[in-house]
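**Q** Generate a structure from the sequence data that follows.
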Amino acid sequence: MVSRIVVGAHYGWRDWLAQRVTAVIMALYSVILAAVLLLGQPINYDVWHGLFAQGWMRVATLLFAVSVAWHMWIGVRDILMDYVKPVGLRLVLQVLVVVVIAAYLGWTVQILWR
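**A** Have a look, this model is predicted:
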């Protein structure tokens, strides 16, 4: 019989919870955006610009983007850990994924607040 002593490790609990929380945030944002777009005026540049000129929409969109990035990182990291066995290659791929995710988040901030 193997006796495992738990010394503070959560064995994936934090990542599991983060996936669920970010999924809920993304779903809520999608429902809100769909409602705004479907129940409002016909979409043209002025309506779109007016919607994203509001602070709450910018913050909600940034929260959505951060949730997508975190959700994506956990998923891709887990896939890489499961299927890429050479440690060096896995590290390089993980660094590339982090750089791409950071670039996307930076681009999102630039779009929202330029």
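**Q** Retrieve the pLDDT associated with the residue nearest in space to the middle of the chain.
**A** Within the chain, the residue whose C-alpha comes closest to the C-alpha centroid is V68; the distance, by CA atoms, centre = their mean, is 1.7 Å. At V68, the pLDDT value in this model is 98.
**Q** Next, it: secondary structure please.
**A** Using DSSP: H, G, I helix; E, B strand; the rest coil, the three-state assignment for V68 comes out as helix.
**Q** which non-adjacent residue is nearest it?
**A** Closest residue to V68 apart from its sequence neighbours, by CB to CB, 6 or more residues apart in numbering: M26 at 6.3 Å. From N, CA and C alone the C-beta is placed, and that goes for glycine too.
**Q** contacting residues for that neighbour?
**A** By CB atoms under 8 Å, 6 or more residues apart in numbering, M26 lies in contact with 64, 67-68, 71.
**Q** hmm, try it at 10 Å
**A** With contact taken as CB atoms under 10 Å, 6 or more residues apart in numbering, M26 is in contact with 63-65, 67-68, 71.
**Q** Now the host helix or strand of it: buried residues?
**A** Per DSSP states H and E: M26 is located in helix 13-39. Counting neighbours by 16 or more other CB atoms under 10 Å, one finds that the buried residues in helix 13-39 are 15, 19, 22, 25-26, 29.
**Q** helix, strand or coil for K85?
**A** Using three-state DSSP, the three-state assignment for K85 comes out as coil.
**Q** List the contacts of stretch 45-64.
**A** Around stretch 45-64, the neighbours that count as contacts under CB under 10 Å, 6+ apart are 22, 25-26, 28-30, 32-33, 36-37, 40-41, 43-44, 105, 108-109, 111-113.
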